[in-house]
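Engineer: show me how the following folds:
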Amino acid sequence: MPDTLIRFDFVDAAIRGEIVRLDHSWQAICSHRDYPPPVRQVLGELTAASVLLAASLKFEGSLALQLQGAGPLRLAVAEARDSLKVRATADWNELGEAATLPQLLGRGTFAVMLDASVGEPYQGIVEVEGDGVGAALEGYMARSQQIPTRLILACNADTACGLLLQRLPDQSSADADAWDRLTALASTLGAGEMLAVSPDTLLHRLFHEESVRLYPPRQPSFGCRCSAGRVEGMLRMIGREEVEAILAEQGEVKVACEFCNQSYRMDAAEALALFGPGEAGSYFSGNPTRH
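Structural biologist: Predicted coordinates:
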């Protein structure tokens, strides 16, 4: 199936929703690293959730969801742009018997980061609550944004998908029981059905008795923002002295993108040309200092 995101809302209730299915983009993410099944499950759900939230961005930029903890799963991050280009990666130690999100993370944090092309970036962080990505994000939305949210997420080796419902701040809705009814309907959706059935068919099965307004579908895709220019900017940020230390140890600067594994290399002349001739450094003295 093609990667698809469909936005929708309910004519008689102040409730909006989105449903997403990622096949090609999720397989592209998985092709860059061999994720153990428990890590892959968390990362797939996080990826689907990031696309669901990025679809409602009102600015040009990106939204990133990040889980970080002291357990076997040290880091999982998924980033989606307003164009629905998405990328994701994770970092982990030996998993042992860890399988659930609390077991994988230990004491962990959940962060939502917004980065607009204009203006200052935003970051909100809360402690992880719940036994899965969906519950953790629902908790974040309730505590940080005060937006009632229901998320159903599913993932396997080939597909990552999700359904999002959000209650809008409108007390004039004629259907006072709509939130409880619609979230109950959404909760009947199992992972197997979600992974096997197209988004438009799922929406019909769930809400065929409701007045639903559908918006034109969009097509998410894998896309990494790494570039030689970004690598050069990173090297300038860490400073000449640190770059000289790397050159003294390795003879060149090698950087691999953690999202897509693209490799960037610079020899000593190329790396040092990033810095002005007057900047202090010790590369040619043969006694580099690393910080």
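Engineer: give me the domain ranges for the chain.
Structural biologist: Domain ranges of the chain: 4-222, 228-285, per automatic domain parsing.
Engineer: dump these into TSV; add mean neighbour count and mean pLDDT as well.
Structural biologist: Every residue, glycine included, has its C-beta placed from N, CA and C. Listed next are those as TSV, based on neighbours: other C-beta atoms under 10 Å; pLDDT from 0 to 100:
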stretch	mean neighbour count	mean pLDDT
domain 4-222	18	92
domain 228-285	14	79
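Engineer: geometric centre of this protein: which residue is closest?
Structural biologist: Geometric centre of the chain, nearest residue: residue 78, 1.9 Å, by C-alpha atoms, centre = their mean.
Engineer: show me the contacts for that one.
Structural biologist: Listed by C-beta atoms under 8 Å, 6 or more residues apart in numbering, the contact partners of residue 78 are 43, 46-47, 49-50, 64-65, 86-88.
Engineer: so which residues of the stretch 1-150 of the chain form strands?
Structural biologist: Taking DSSP state E, counting those that start in this stretch as the test, the strands found in the stretch 1-150 of the chain are 4-10, 15-22, 61-69, 73-81, 85-92, 108-116, 122-127, 149-155.
Engineer: residue 169 against residue 16, yeah?
Structural biologist: No. In this structure, residue 169 is not within contact of residue 16 by C-beta atoms under 8 Å, at 11.4 Å.
Engineer: out of the strands of the stretch 1-150 of the chain, flag the one nearest residue 221.
Structural biologist: strand 85-92 (6.0 Å; C-beta to C-beta).
Engineer: angle of that closest one against strand 15-22?
Structural biologist: Angle between the axes of strand 85-92 and strand 15-22 is 70 degrees (criterion: axes from the mean of the first three to the mean of the last three C-alpha atoms, to 10 degrees).
Engineer: quick check: neighbours of strand 85-92 in the sheet, parallel or antiparallel?
Structural biologist: Strand pairing for strand 85-92, determined by DSSP bridges: strand 73-81 (antiparallel), strand 221-222 (parallel).
Engineer: return the distance of the shortest one from the chain's centre.
Structural biologist: Centroid separation between strand 221-222 and its chain, computed with C-alpha atoms, centre = their mean, to the nearest Å, is 12 Å.
Engineer: over to the first one?
Structural biologist: What separates the centre of strand 73-81 from the centre of its chain is 5 Å, taken as C-alpha atoms, centre = their mean.
Engineer: now do that strand against strand 61-69: the angle between them, please.
Structural biologist: In terms of direction (the same axes, to 10 degrees), strand 73-81 departs from strand 61-69 by 170 degrees.
Engineer: which residues in this structure form helices?
Structural biologist: In the chain, the segments counted as helices under DSSP state H are 24-31, 37-54, 101-105, 133-140, 178-187, 191-196, 199-207, 228-238, 240-250, 268-272.
Engineer: among the strands of the stretch 1-150 of the chain, which is nearest residue 250?
Structural biologist: Nearest of these to residue 250, taken as C-beta to C-beta: strand 85-92 at 21.7 Å.
Engineer: surely residue 98 meets residue 36?
Structural biologist: No. Residue 98 sits out of contact with residue 36 when judged by C-beta under 8 Å, with a separation of 9.5 Å.
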